[in-house]
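1. need coordinates for the below:
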Amino acid sequence: MKVSIITAAFNSESTIRDTLQCITEQDYPEIEHIIVDGKSTDNTISVVKAFPHVAKIISEPDKGIYDAMNKGISIASGEIVGILNSDDIYTHSNVISKVAEIFKDSSVMALYADLQYVAANDLNKVLRSWKSGPFKRKNFYYGWMPPHPAFFVRKEMYNKYGLFNTSLRSAADYELMLRFLVKHEVTPVYLPEVIVKMRNGGISNANLRNRWRANREDNMAWKFNELKPYFFTVYLKPLRKISQFLVR
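-> Numbers count the residues shown, from 1 in each chain. All right, here's what the predicted structure looks like:
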């Protein structure tokens, strides 16, 4: 069973080597690593070309990270698709083996696990931990969502329910998981361990203006799917992150 890992990149020369290296260290043999670069102007592509395990490289202008992810999904040939950003890494060498083992059950359509935010300049310095917990569909209404970099899906789910909505700038991953897991009632399996380290920093939390825009997009995600959240749902979503600073 082939697992496709898609990495969207843009001017990522300072971090993407770690991402590429963690894929080379995986003990699972059937990995298709796809790099979708937004026509970087630094040495990102040179770094990528130094890693022969990379199966496919696209380097051309795109309309943002979700457009790049959609390109990667479209050319992925694996049964299972995971997305690992160009500044993120898997925490150990058998992450994909564990994921694949769970997907051996043909009834499993999606999987998620836990994630740690780490310092941008120190992958061993944990700043906060995103412990997802077991899946309960109703938790979406209370601001819950699984961490997208630790989310794996059978490719047939993308074929059936669609790709990322590129009209959303920061919440397309939230919208997609809402669509798959709530609207279409796909029930994912929870792998209760940290499998991804993510460098700190994200556009939705960079400042209040971005947080306001993220809340607006979160509301749009529910509307796109013709779902009705509680009045407090999108306000609870950022507040739930406070507990991530308490769990290490």
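
2. check which helix or strand residue 19 maps to.
-> In this structure, residue 19 sits in helix 16-24 according to DSSP states H and E.

3. Three-state assignment for residue 89, please.
-> strand (DSSP: H, G, I helix; E, B strand; the rest coil).

4. now it: how far from residue 116?
-> 10 Å (C-beta to C-beta, to the nearest Å). All C-beta atoms are positioned from the backbone trio N, CA, C, and that covers glycine.

5. who touches both of those two?
-> Common contacts of residue 89 and residue 116 (C-beta atoms under 8 Å, 6 or more residues apart in numbering): 196-197.

6. tell me which other helices or strands the helix or strand following the helix holding residue 19 touches.
-> Downstream of helix 16-24, the next assigned helix or strand under DSSP H and E is strand 31-37. Applying 3 or more C-beta pairs under 8 Å, 6 or more residues apart in numbering; DSSP states H and E, one finds that strand 31-37 makes contact with strand 3-9, helix 16-24, helix 44-49, strand 54-59, helix 65-75.

7. doesn't residue 234 belong to a helix?
-> Yes - judged by three-state DSSP, residue 234 forms part of a helix.

8. ok, for it, nearest residue in space, not its chain neighbours?
-> Closest residue to residue 234 apart from its sequence neighbours, by C-beta to C-beta, 6 or more residues apart in numbering: residue 218 at 4.2 Å.

9. what's near enough to touch that neighbour?
-> 171, 174, 233-234, 237.

10. hang on, the earlier thing: identify whichever of the helices and strands packed on strand 31-37 lies nearest to residue 193.
-> helix 16-24 (15.5 Å; C-beta to C-beta).
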